[in-house]
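Visitor: here is my input, please return the structure:
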Amino acid sequence: MKDIYLYGAPASGKTTLGGRLAKALGRKFVDLDALIVEREGRGIPEIFKEDGEAAFRKVEKAALESVAAAEVGAVVALGGGTLLDASSRELCEKCGSVLCMATPSQEEIARRMGAAPGTRPLGDKSAERAPHYASFKSRVETSFEAGESLVVVGTGIARGLMDERRIVADENVARLFGLPSPIAIVPSGERHKTLETVSRLWAAFARAGIGRGDTVTAVGGGVTLDLAGFAAATWMRGVAWVDFPTTLLSMVDASTGGKTGFDLPEGKNLVGAFHPPRLVVVDTDFLRTLPAEAIAEGRAEMVKHEVIGALARTPGGAALPTAREIAQSLSVKAEIVTSDPFERTGRRILLNCGHTVAHAVERLTGYSVSHGMAVAIGCVEEARLAVRMGLAPETWPDELASRFREFGLKTELPEGLSFEKMADSMRGDKKRSGDVVTFALPCGWGDVRKVPIDLSRKGER
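Guide: Below is the predicted model:
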C-alpha cells in the first residue's frame, strides 16, 4: 500500500482528519510535526527560535524521507509548508497520494490558532501560499462523522484513498474508471438487487479468502453499495467495509446510514441489515461521466434534504453540484443517522419523506421509473396528502413541485396510478403496523411530520 499524505494550510485540520482516516482504514498514523518533536526533543517553536526556519526545513525533510522509506502505507499529516520544497513534493507524489485540505476561512483559522497559541511560529500563511495549495488537484473539501462512519468529501480523492485489493464494483464503473481486478462485478440496475447477486458476492468473498480482519471496498451506485454492504454484514457474521459512491444519488443517500440489503418481489429493501461502512469517500470527479438524467435523480434526494433541514436552496438547472453542496445536503442525513442509528427513537423516519409513495411507484411500474424520479413524485404526492389532512397550506404541493422541476424532474404520478390504487402496495412498506403505515409527510420547508395513516380506510387518505 502507498502512503496517504494530507497537506494544506496550518490549522486546516490535517492532524484531526489524519487520525480518523488512519483508524477507519486500519493504517498507521504519522503526524510529521510530532515525529520531529520526538526526534529533536524540543518543540517546533523552539527549533524556529533557536536554529531558524532553514534548519527546521532540513530536519523536516529528513523526517519525511524516513517516513517514505518505511513503506508501511501510513496516513501522514504534513506541516503547512512541507511541500514547498520541490524534491519533497516529488517524493510524496512518488511514494503515495497527496490530498490537499481546503483552507478554512480567515476567521476559522484565527479561531483555531487562538485555541493553541504559540504552536505555529510562522502564523497564518494561507493567503500567501494560496497558489501553492491550489496546485494540488486532489482536494478534501470537508469531513465529518455520520454515526459510525467517517465521511470525506472532495475532488480527485478516490484513487488516493482506495485499497485496490478487495473491490466490489458496478460493471459500468469498473469499465469507465479502469478499476484494477475487482473481486466481484455487480450488474447495473435495480433488477439485479436480489439474493442471487448477494450469493455471487459471498462466493467471490470465499474465492478471495476474505476473513474477519479484512475490509471490503464497494465502488458504485446505490445498488452496488446496498448489496456489497449486506454481503459484508453477513459474511463471517460481519466484516468491515468502506464505500465510494459514484452517482449523485448514492452520494447523498445510500452511501451513509448503514442500511444494506436487497429487494424481494413483494417489495423493496425488505431484507437487510444495519452495517455502517467505516469510511465513505465522496469524490465529485465521478459525476463527470454521468448523464443529465442521473444528476437530476440525485438532485431529487438533495431537494428532499432541503425540505427536512430547511437548507438554503441553490440555483436550479443542470450544473453539477459542488463538493460543498453535496456535503451540506449529506450533513442533514448524517445528523439524523447519528441521533437515531437503528430507528429506535423515530427520528430517522424523517429520511423516509416521500419514500412510501416512491417505493410503490417503483414497484408498480416494474422499476421503469427510477428511484430519484420516484422520490420527486413521492414527495409531491405526499405533500398533497398533507394538504388533504389539513397539515399544510394549499399552495405547498405546487411550491415543492416547482423546486423539483427546476432540475428537470417529473412530479406527477405515472398514467394509471393514483394514491388509492397504490394503497395495497404501500401497505407492504416497512414502516407499517397492520394496515397503518407511518408516513413522513412534507408539510413545509423544515417541517416533516410522522403521521400514522390507516390505508384500509379511505377517509384517512
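Visitor: please count neighbours and contacts with C-alpha atoms only from this point.
Guide: Noted.
Visitor: show me this protein divided up by domain.
Guide: 3-136, 160-290, 347-460 (automatic domain parsing).
Visitor: could you dump these to CSV with distance to residue 296 and mean pLDDT?
Guide: Supplementary listing: these in CSV, determined by distance: least, CA to CA, whole Å; pLDDT from 0 to 100:
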stretch, distance to residue 296, mean pLDDT
domain 3-136, 27, 91
domain 160-290, 9, 95
domain 347-460, 6, 92
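Visitor: need those in JSON lines (columns: mean neighbour count and distance to residue 337).
Guide: Listed next are the domains of the chain as JSON lines, based on neighbours: other CA atoms under 10 Å; distance: least, CA to CA, whole Å:
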{"stretch": "domain 3-136", "mean neighbour count": "17", "distance to residue 337": "18"}
{"stretch": "domain 160-290", "mean neighbour count": "21", "distance to residue 337": "6"}
{"stretch": "domain 347-460", "mean neighbour count": "19", "distance to residue 337": "6"}
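Visitor: out of those, which is closest to residue 303?
Guide: Each of the domains of the chain has some distance to residue 303 by CA to CA; the shortest is domain 347-460, at 7.0 Å.
Visitor: okay, the domains of the chain in a markdown table with distance to residue 297 next?
Guide: Formatted as a markdown table, the entries for the domains of the chain read as follows, by distance: least, CA to CA, whole Å:
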| stretch | distance to residue 297 |
| --- | --- |
| domain 3-136 | 28 |
| domain 160-290 | 6 |
| domain 347-460 | 4 |
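Visitor: so for residue 150, which of those domains sits nearest?
Guide: Ranking the domains of the chain by distance to residue 150, with CA to CA as the measure, places domain 160-290 first at 4.8 Å.
Visitor: is the residue of the chain most remote from its centre part of a helix or strand, or is it coil?
Guide: Among the C-alpha atoms of the chain, the one farthest from their average position, using CA atoms, centre = their mean, is that of residue 50, at 45.5 Å. Put simply, residue 50 is helix when judged by DSSP: H, G, I helix; E, B strand; the rest coil.
Visitor: for the stretch 1-150 of the chain, just list every one of the helices.
Guide: Counting by DSSP state H, counting those that start in this stretch, the stretch 1-150 of the chain forms helices over residues 14-25, 32-40, 44-51, 53-70, 86-95, 106-115, 130-134, given from the N-terminal end onward.
Visitor: same question for the stretch 201-350 of the chain.
Guide: 222-234, 248-252, 292-309, 323-339.
Visitor: go ahead and confirm residue 151 touches residue 276.
Guide: No: under the criterion of CA atoms under 8 Å, residue 151 is not in contact with residue 276, lying 11.3 Å apart.
Visitor: quick revisit: for residue 40, see how far away the residue farthest from the centre of the chain is.
Guide: Spatial separation of residue 50 from residue 40 under the definition CA to CA, to the nearest Å is 12 Å.
Visitor: returning to what we had before: which of the helices of the stretch 201-350 of the chain sits closest to residue 283?
Guide: When the helices of the stretch 201-350 of the chain are ranked by proximity to residue 283, the top entry is helix 323-339, at 7.8 Å, counting by CA to CA.
Visitor: what residues does whichever helix or strand comes after that closest one touch?
Guide: Toward the C-terminal end, the helix or strand that comes next after helix 323-339 (DSSP states H and E) is helix 355-364. Applying CA atoms under 8 Å, 6 or more residues apart in numbering, the contact partners of helix 355-364 are 267-268, 367-371, 374-379, 381-382, 413-414, 422, 425-426, 429, 439.
Visitor: hmm, try it at 7 Å
Guide: Where contact means CA atoms under 7 Å, 6 or more residues apart in numbering, the residues beyond helix 355-364 that reach it are 267-268, 368-371, 374-375, 377-378, 422, 425-426, 429, 439.
Visitor: the helix or strand following it to helix 222-234, inter-axis angle?
Guide: Remark: after helix 355-364, the chain's next helix or strand is helix 371-388, criterion DSSP H and E. Computed by axes from the mean of the first three to the mean of the last three CA atoms, to 10 degrees, the angle separating helix 371-388 from helix 222-234 equals 90 degrees.
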